[in-house]
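Trainee: I would like to see how this sequence folds:
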Amino acid sequence: MSAHTRRPIRTLLELGCGGGNNALHLKRWCKITLTDASPQMLAVSRVANPEAEHIQGDMRSLRLCRQFDVVFAHDAVMYLRTEDDLRQAMSTAFVHCAVGGVALFVPDCTRETWAASTRHGGHDGEGRALRYLEWTWDPDPADSEYVVDMVYLLRESVGAIRVEHDRHHLGLFSRSAWLRLLKETGFRAHHERPHDTECAVGEMFVGVRPENSASHSER
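Mentor: Here you go, the predicted structure:
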């Protein structure tokens with residue numbers, strides 16, 4: 001990320017921070033502002049990151065009227081299921097990105113790397129236990145989304161089993177779509193993969209805000 005900007009990285013805005021796991025690491029390096037559409041997720045993050053600024057807002061429409069050296073969005077972008085949704089989130093990143101700053105998008109996968117899969121696991125605790133099954137599949141390969149079904153078996157101390165089902169509809173876009181939308185928004189677009197082969201992050205899309213640039217919403 002720092003290779004794409006000459007700006008010192010002092011401030012960072014995260015779009016879709018969830019429970020604040022990324023912020024636990026990022027706050028060591030710069031001042032962070034954390035945003036999420038869910039007040040419940042922000043409440044969790046405030047406990048983990050009390051020193052950070054927390055603001056509720058949708059990454060597609062958030063407007064803070066200030067700019068940051070870095071705008072960052074991790075797996076929360078997976079919940080954007082159309083190109084229009086993704087374009088709106090990129091516009092949010094653009095208007096909050098200082099000239100010469102960068103926007104970093106880190107999706108779980110792209111169209112090229114997605115694969116159907118199943119995972120399972122669980123844990124035993126004192127007096128209770130959990131088992132889960134995660135099933136990733138695509139009901140319609142012609143559209144821009146896929147589905148992750150999560151099934152949980154929860155056993156309490158009395159031995160009763162409770163079953164919970166959680167379904168996630170997630171967006172799926174090609175690398176070329178990511179780069180095209182970044183460019184349409186006004187960024188200089190770059191696609192990168194981590195040099196560390198053991199890194200859990202698969203692909204990254206970097207947008208650099210050039211000088212003398214303005215988004216449609218700023219004109």
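Trainee: What segments of the protein are strands?
Mentor: Remark: strands assigned in the chain by DSSP state E are 11-15, 31-36, 53-56, 68-73, 97-105, 117-125, 128-137, 145-155, 161-171, 188-192, 204-208.
Trainee: Low-confidence stretches in the chain?
Mentor: Residues of the chain that meet the criterion pLDDT under 70 lie in 1-4, 194-201, 214-219.
Trainee: Look up how far Leu15 lies from the residue most central in space within it.
Mentor: Nearest to the geometric centre of the chain sits His74, at 2.5 Å (Cα atoms, centre = their mean). With distances taken as Cβ to Cβ, to the nearest Å, His74 is found 9 Å from Leu15. Heads up, the C-betas are built off the backbone N, CA and C, glycines and all.
Trainee: domains of this structure?
Mentor: Annotated domains of the chain cover 2-110+172-218, 117-170 [automatic domain parsing].
Trainee: Of those domains, which stretch is the most buried?
Mentor: Ranked by mean neighbour count, the domains of the chain are led by domain 2-110+172-218 with a mean of 18 (mean count of other Cβ atoms under 10 Å).
Trainee: With distance to Leu42 added, can I get the strands of the chain in TSV?
Mentor: TSV is the format used below for the strands of the chain (distance: least, Cβ to Cβ, whole Å):
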stretch	distance to Leu42
strand 11-15	11
strand 31-36	5
strand 53-56	5
strand 68-73	16
strand 97-105	21
strand 117-125	26
strand 128-137	25
strand 145-155	22
strand 161-171	19
strand 188-192	29
strand 204-208	25
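Trainee: what about those, which gets the closest to Tyr79?
Mentor: Among the strands of the chain, strand 161-171 comes nearest to Tyr79, with 6.4 Å by Cβ to Cβ.
Trainee: Relative to that closest one, what are the paired strands and their orientations?
Mentor: Using DSSP bridges, strand 161-171 pairs in its sheet with strand 145-155 (antiparallel).
Trainee: So which residues make contact with the strand it pairs with?
Mentor: For strand 145-155, contacts defined as Cβ atoms under 8 Å, 6 or more residues apart in numbering pick out 81, 114, 122, 128-139, 161-172.
Trainee: As a quick check, tell me the outermost residue of this protein.
Mentor: Distance from the centre of the chain peaks at Val158, with 38.6 Å (Cα atoms, centre = their mean).
Trainee: That one and His96: what is the separation?
Mentor: Distance of Val158 to His96, given as Cβ to Cβ: 50 Å.
Trainee: Please consider this matter closed, and thank you.
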